[in-house]
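S.K.: Mind looking at a prediction? Sequence and model below.
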Amino acid sequence: MPSYRIVKQLKPTPQTGDAWWAERKVYVAKLDDSEQVWEYSGSSAEASASKKMNELTGSDDSGRKYKVIEVGE
C-alpha cells in the first residue's frame, strides 16, 4: 500500500514584477527543521492526505500551493 506526503512550494506563487521564468515549480516537505512532515499510510491514506492538504492550504496566507505526492509502498 503506498504512502502519501504533503509538499508545498518552496517559494510562494509568483509575485507582481517577477520575471516570466520564475515559475515556482520546486516543492518541499518542510521549509525548516521546526516544521512537521505530513505523511500518511494505510487504507485511507490518500483521502487523509488530501484533507490535510486542504487544511494547510486554507491556513497559509503566503499564497503557497500544496500538493499530495505518492512516496512509495
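M.R.: Noted; the coordinates are in hand.
S.K.: Can you show me the helices along this protein?
M.R.: 45-59 (DSSP state H).
S.K.: for it, what spans make up the strands?
M.R.: 3-9, 27-28, 39-40, 66-72 (DSSP state E).
S.K.: Need the pLDDT of the residue lying farthest from the centre of the chain.
M.R.: Centroid-distance maximum for the chain: residue 17 at 24.4 Å, with Cα atoms, centre = their mean. pLDDT recorded at residue 17 is 77.
S.K.: re the thing from before, please identify the deepest-packed of the strands of the chain.
M.R.: Highest mean neighbour count of the strands of the chain: strand 3-9, a mean of 20 (counted as mean count of other Cβ atoms under 10 Å). Any C-beta I mention is one placed from the backbone N, CA and C, and that applies to glycine too.
S.K.: could I get the strands of the chain as CSV with distance to residue 46 and mean pLDDT?
M.R.: Formatted as CSV, the strands of the chain follow (distance: least, Cβ to Cβ, whole Å; pLDDT from 0 to 100):
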stretch, distance to residue 46, mean pLDDT
strand 3-9, 5, 97
strand 27-28, 17, 94
strand 39-40, 8, 97
strand 66-72, 7, 95
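S.K.: Please produce CSV containing those strands, extended by distance to residue 60.
M.R.: Converted to CSV, the strands of the chain look like this (distance: least, Cβ to Cβ, whole Å):
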stretch, distance to residue 60
strand 3-9, 8
strand 27-28, 13
strand 39-40, 18
strand 66-72, 8
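S.K.: Understood, closing this out.
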